[in-house]
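J.: Below are the sequence and a predicted model for it; my questions follow.
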There are 2 protein chains.
Amino acid sequence: MNIVQENSLRGQKKIRRRALIVGIARDLITSKGLRSLKVRDIADAADCSIGSVYNEFGDFDGVILTVNKETVQALTARLKAVPKDDPIRQLHRLAATYLEFAAEHANLLRSLFEHRMEEDRPFPEDILIMVMDAFRLMHEPLVRLMPDRDPNDVALLSRMMFSAVHGIISLGLEERMVAVPPESLRQQVAQFVDTYLKGLGILK
Amino acid sequence: MNIVQENSLRGQKKIRRRALIVGIARDLITSKGLRSLKVRDIADAADCSIGSVYNEFGDFDGVILTVNKETVQALTARLKAVPKDDPIRQLHRLAATYLEFAAEHANLLRSLFEHRMEEDRPFPEDILIMVMDAFRLMHEPLVRLMPDRDPNDVALLSRMMFSAVHGIISLGLEERMVAVPPESLRQQVAQFVDTYLKGLGILK
DNA sequence: GAGTTATTTGAACAATGTTCAAGTTGGTAT
DNA sequence: ATACCAACTTGAACATTGTTCAAATAACTC
């Protein structure tokens, strides 16, 4: 049903409003954090009624999930834009890019990783797939670096490396807890990647 | 004021109720997650009024923070109980213990790391100190393993190692996202520690 | 332009955090 | 024992915020 209704006046308005609402929600999350996001604030800023937000997204989680989906998409796009030259440089750049993105969009990433659905509704599959996709981006350079190892092992290693980098960055940026200065964090992440690659026998 | 009022009848009741409420809140978080925690559920289960919860904890965040504080305490206690023998074994045991705790108390750890305060109230300092304390537990064995390195560097390394392990575990246990089987996760964490230590030039 | 369908609206409702005046209880002095 | 005071407890009322839906409006069709 949702296929080619996009050039009617209705379709146009629907699309525009949907984008408007998502953009506003994203801005609000960015500036004040997920916890301060309110339906009424969104409706006010989008200059429409509360009901319209619900028509478009079903419920409040729907808005958040849409923002989160776009966050993974943006992150994945940034990571995919990393040049695929020397695999070691590539791994460093992937980690540095993740850090960059996390520093620029701290509240959006938190929303992605911290938001829990109401009750026990399942986590939306498309977001899941996109996150896995992002995870897998370290796989390819690692495969090139370890052509002799079982690809399954390498898949595990790459996910582990990604998770480790994620941990270092997300705790490092957690201003309430540790607040590593960004520049220092950049160095630490680079150092970590080197150390880990050394441990894998890839670097001298 | 709060010093030696503990043997009056009032003091006793206060203490008992406080513990009761915290226990109930913890059980509810454990079983249904932070998001489903409601003041009224707590009051019902503790067989007291809503107001009493507020008298005791100021606001709802107060209850959550108290649970979170006890979670760090429990975690730190478990980590401190790790035998201090061979430093490499010690590091492995610390990581394994963290994994064990995280697996047993997934929702409690999430509450600790994911809960955001209303508006911009500051994160309570005592919890912060306790988390730092837990972080530092990897420091001592690493110092023994790298007696020649600048202790400041080692401090950074130990925090990084802890953060990395945290990332691997928390994403690994995130059933909605990846769901690494627990046994497999145990092996991965052990492998990670080995790889990292190899990278540091400590293991062959 | 009349009729049909889809969309939008916002008042009303539901769920949940918060307050506080009134009632109750524990302590204390006589 | 009684009276009094201070502290604690209560729960109805309020505030905030997510959710619904009947009525109004707008877009589309013929």
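T.: Okay, I see it.
J.: Return the residues of chain A in contact with DNA strand D.
T.: For chain A, the contact set with DNA strand D under CB under 7 Å from any atom of the strand comprises A:8-11, A:13, A:37-40, A:50-51, A:54, A:59-61, A:118. Yep, even glycine has a C-beta here, placed from its N, CA and C like the rest.
J.: Without its sequence neighbours, what residue ends up closest to the spatially most central residue of chain A?
T.: Centroid-nearest residue in chain A: A:V72, 3.5 Å away (criterion: CA atoms, centre = their mean). Leaving out its chain neighbours, the residue that sits closest to A:V72 by CB to CB, 6 or more residues apart in numbering or on different chains is A:M130, at 4.3 Å.
J.: quick one: that neighbour and B:V72, what's the gap?
T.: When distance is defined by CB to CB, to the nearest Å, A:M130 is 33 Å away from B:V72.
J.: What of A:V131?
T.: Taken as CB to CB, the span from A:V131 to B:V72 is 28 Å.
J.: go on, A:R10?
T.: 54 Å.
J.: cool, and A:R26?
T.: Counting by CB to CB, the gap from A:R26 to B:V72 is 32 Å.
J.: Any buried residues in the helix or strand of chain A with the lowest mean pLDDT, and which?
T.: Here the helix or strand of chain A ranked lowest by mean pLDDT, DSSP states H and E is helix A:125-135, holding a mean of 88. The neighbour-count check on helix A:125-135 (16 or more other CB atoms under 10 Å in any protein chain shown) flags A:I127, A:M130, A:V131, A:A134, A:F135 as buried.
J.: out of the residues of chain A next to DNA strand D, which are buried?
T.: Buried among the residues of chain A next to DNA strand D by 16+ other CB under 10 Å: A:L37, A:V39, A:F60, A:D61.
J.: Just these: which are in helices?
T.: Those of those mapping onto helices are A:V39, A:F60, A:D61, per DSSP state H.
J.: neighbours of whatever residue of chain A ends up closest to chain B, just the number please.
T.: Using CB to the nearest CB, the closest approach of chain A to chain B is made by A:G167 at 1.8 Å. Look at A:G167: counted by other CB atoms under 10 Å in any protein chain shown, it has 22 neighbours.
J.: Now do the SS call for it.
T.: Under DSSP: H, G, I helix; E, B strand; the rest coil, the three-state class of A:G167 is helix.
J.: how near is the residue nearest to it when sequence neighbours are not counted to A:K84?
T.: In this structure, A:G167 finds its nearest non-sequential neighbour in B:G167, 1.8 Å apart by CB to CB, 6+ apart. Applying CB to CB, the value for B:G167 to A:K84 is 25 Å.
J.: got the residues of chain A near DNA strand C?
T.: Residues of chain A lying near DNA strand C (CB under 7 Å from any atom of the strand): A:R10, A:K13, A:K14, A:R17, A:C48, A:S49, A:I50, A:G51, A:S52, A:Y54, A:N55, A:E56.
J.: mind redoing it with 10 Å?
T.: Proximity of chain A to DNA strand C (CB under 10 Å from any atom of the strand) is limited to residues A:1-2, A:5, A:8-14, A:16-18, A:39-40, A:43, A:46-56, A:118-119.
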